[in-house]
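**Q** One predicted model, sequence on top.
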Amino acid sequence: MKRLFQILFTSLAWTLPVVAEDWTSALSHMPLPREVTSLSRSNCAEVVLGAFQSNATVKALIFMPGATDELYFFKRVKVQITNSQPTLLDAVVALTNQSPLRVAFRPPFLLLHSDEDVLELDARIKHPATVEKLKQTKLFPRLVVQDRDWDFLLTAFGQKLSVELRPAFRSPDSWHFYRHTFAAYDSTSWDILQAAAYAGKTRFTVQKDLVEFEPDPRIGVLPRLESFPR
């Protein structure tokens, strides 16, 4: 009977679902520098991306274009952090409570955004085998991109991909892309391309050994300003 119980228990253990760590728990283990007591346009992206660490839940933390507009153009991100031992979760909570920034988890991406942003990617897959190839390769154990244009991305990883990226280097077709701000860990090539689309307000089409990006014309709720920032 004891042997039967051991067999049944072992079988049950294999069938129980593994409870994944949620993104809030993951961020709660990522400390901020103790000297950080506030976040604004001068330090927010650097502090948040710098505090982001490798974990099993969130592969990339991304500032979407609406969030970077609030930081650098509208200048409405000025938040206080009062915890004596602050974490990245404290920073995200402060940003969402004290500024127009919002947070959304689209596994495996954590998106800092505003109401202006559309949270669902527009990815047109015309060659699934190319997507599967991108999912099988990894470029970097860690990648941090802060306020960088499309040409920077092409220089950083375009040549390392197993596919061609368009627009080409120095093409005017990329002039209307937003500048990219995100950090990624242990991500596949497919993850990185999706992160770039989220950060750059772009959509893309996957063809055989080719991924072509273009501006995403969709827009959410336009921000309302009491006065134009100076």
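**A** On my side now, so go ahead. Numbers count the residues shown, from 1 in each chain.
**Q** Show the backbone phi and psi for the residue nearest to residue 170 when sequence neighbours are not counted.
**A** Closest residue in space to residue 170, ignoring its immediate chain neighbours: residue 151 at 6.2 Å, by CB to CB, 6 or more residues apart in numbering. (Each C-beta comes from the backbone N, C-alpha and C, glycine too.) Taking degrees, to the nearest 10, you get phi -60, psi -30 for the backbone angles of residue 151.
**Q** and residue 151, what does it touch?
**A** Shown in contact with residue 151 (CB atoms under 8 Å, 6 or more residues apart in numbering): 169-170, 174.
**Q** next one: residue 157
**A** Contacts of residue 157 by CB under 8 Å, 6+ apart are 139-140, 143, 192.
**Q** about what we covered before: what subset of the contacts of residue 151 is buried?
**A** For the contacts of residue 151, a burial check counting by 16 or more other CB atoms under 10 Å picks out residue 174.
**Q** Give me the helix or strand of the protein that scores worst on average pLDDT.
**A** The weakest-scoring helix or strand in the chain, judged by mean pLDDT, DSSP states H and E, is helix 2-15 (a mean of 40).
**Q** State the next helix or strand along the chain beyond that one.
**A** Next helix or strand after helix 2-15 toward the C-terminus (DSSP states H and E): helix 23-28.
**Q** Just the buried residues of stretch 147-165, please?
**A** Of the residues in stretch 147-165, 148-151, 153-154, 156-158, 161, 163, 165 count as buried by neighbour count, 16+ other CB under 10 Å.
**Q** who does the residue nearest to the spatial centre of the chain bridge with?
**A** Central residue of the chain (CA atoms, centre = their mean): residue 62, 2.7 Å from the mean position. Residue 62 has these beta-bridge partners by DSSP bridges: residue 111, residue 182.
**Q** Would you mind measuring from it to residue 225?
**A** Separation of residue 62 from residue 225 (CB to CB, to the nearest Å) stands at 24 Å.
**Q** Also residue 80?
**A** Look at residue 80 and residue 225: by CB to CB, they are 22 Å apart.
**Q** per-domain residue ranges of this structure.
**A** Here the domain assignment for the chain is 23-113, 123-140+152-215, based on automatic domain parsing.
**Q** Alright, I will stop here.
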